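Enquirer: Just need the structure, nothing else, for what follows:
(one chain, ligands or ions: 1)
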Amino acid sequence: MTMEYKIKYIKKTKVSKDAWDLHFIKPKGFVYKPGQFIEANLMQKHPDERGQKRWFTLSSSPTEETLDITTRRLPKHSSFKDVLFKLKQGDTLAIKGPDGSFTLPKSNIKLTWIAGGIGITPFRSQIKYMVDKKLFDYDIVMFHGNRTLEDNVCRELIEEYKSKNDAFKYVEVLSEEIPKDWMGETGYIDENIIKKHLVDIDKRHFYISGPEPMVDAMKEKLTSLKIDDTRIHQDWFPGYTDMF
Ligand SMILES: Cc1cc2nc3c(=O)[nH]c(=O)nc-3n(C[C@H](O)[C@H](O)[C@H](O)COP(=O)(O)OP(=O)(O)OC[C@H]3O[C@@H](n4cnc5c(N)ncnc54)[C@H](O)[C@@H]3O)c2cc1C
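Expert: Take a look at the predicted model:
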């Protein structure tokens, strides 16, 4: 049964050039798995054609005190984002959930995570959960595409997990403003980058999260690498029309 809540806004924290963590009070009895999402309904006096509802991954981990979402506010944005980013402490947001099966499997399954920009949110929740629960036995190769270095919304947490789990490999792929001394990958995540960093491609499960065009493009690339559908798990963020 889907539950409905009104969650109270606390504050926001800037986490990249144009993205913020929005923190809310976690209602009593609200239980969720890292990687799940909620549906948010926000009253607006003058809603644009995109309307009042959006879906957001809970980027916080259940081990954290607050319920957080992480989202972007672009110069040209919807009426929903306009009102969302004007919330004041104590204002409420109506939500339904949690929902979704883009969650952490058992650690005996080898994983490949592919995130496009803000699509890192379910993985952010899962990494924080693994850090807090001391789950350092997961074998994960993570590909993360961002426009620029400054667009990474959780670099410190990723570094922390990397330092504690030798079987966590992080491949950052930048498409713009490549620093001169950049040692990572460039462009968009593609078949060549995936093959280069995966020695055991036929044994892994693939979790893809990001803007819809990026997730669809990645699914095609994985299919061309003969990854069977049962090993591909997807989390689409509609609304964003660019790759990141
Ligand atoms: C399961 C699920 C989980 C999700 N998790 C997240 C998450 O963790 N974080 C997250 O940020 N999003 C997430 N999303 C997507 C989210 O629901 C929004 O669709 C997304 O944030 C874009 O918001 P927006 O539509 O308000 O557009 P905006 O963010 O305001 O803008 C997005 C793009 O649309 C353009 N645009 C804006 N308004 C209009 C308009 N009226 N007409 C035409 N173009 C316009 C903008 O210029 C911009 O390019 C998730 C979606 C799903 C289904």
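Enquirer: What parts of this structure come near the ligand?
Expert: 37, 48-50, 54-57, 59, 69-72, 74, 76-78, 80-81, 118, 121, 235-241 (Cβ under 6 Å from any ligand atom). For every residue, glycine as well, the C-beta is placed using N, CA and C.
Enquirer: per-residue confidence at residue 198?
Expert: Residue 198 carries a pLDDT value of 95.
Enquirer: Then residue 239?
Expert: 81.
Enquirer: Could you report the distance from it to residue 85?
Expert: Distance, residue 239 to residue 85, using Cβ to Cβ, to the nearest Å: 15 Å.
Enquirer: residue closest to the middle of the protein?
Expert: In the chain, the residue lying closest to the centroid (Cα atoms, centre = their mean) is residue 121, at 2.1 Å.
Enquirer: Distance-wise, check it relative to residue 36.
Expert: Taking Cβ to Cβ, one finds residue 121 at 11 Å from residue 36.
Enquirer: Please apply the same query to residue 109.
Expert: In this view, residue 109 and residue 36 are 18 Å apart by Cβ to Cβ.
Enquirer: higher neighbour count, those two?
Expert: Ranked by neighbour count (other Cβ atoms under 10 Å), residue 109 and residue 36 place residue 36 first, with 19 against 14.
Enquirer: The longest strand anywhere in the chain - what's its average pLDDT?
Expert: Longest strand of the chain, by residue count under DSSP state E: strand 3-14. Averaging the model's pLDDT scores along strand 3-14 yields 97.
Enquirer: Neighbouring strands - and their directions - for the very next helix or strand once past that strand?
Expert: The helix or strand immediately downstream of strand 3-14 is strand 19-25, counting by DSSP states H and E. In the sheet, strand 19-25 lines up against strand 3-14 (antiparallel), strand 66-72 (antiparallel) (DSSP bridges).
Enquirer: and the protein, what are its domains?
Expert: 3-98, 111-237 (automatic domain parsing).
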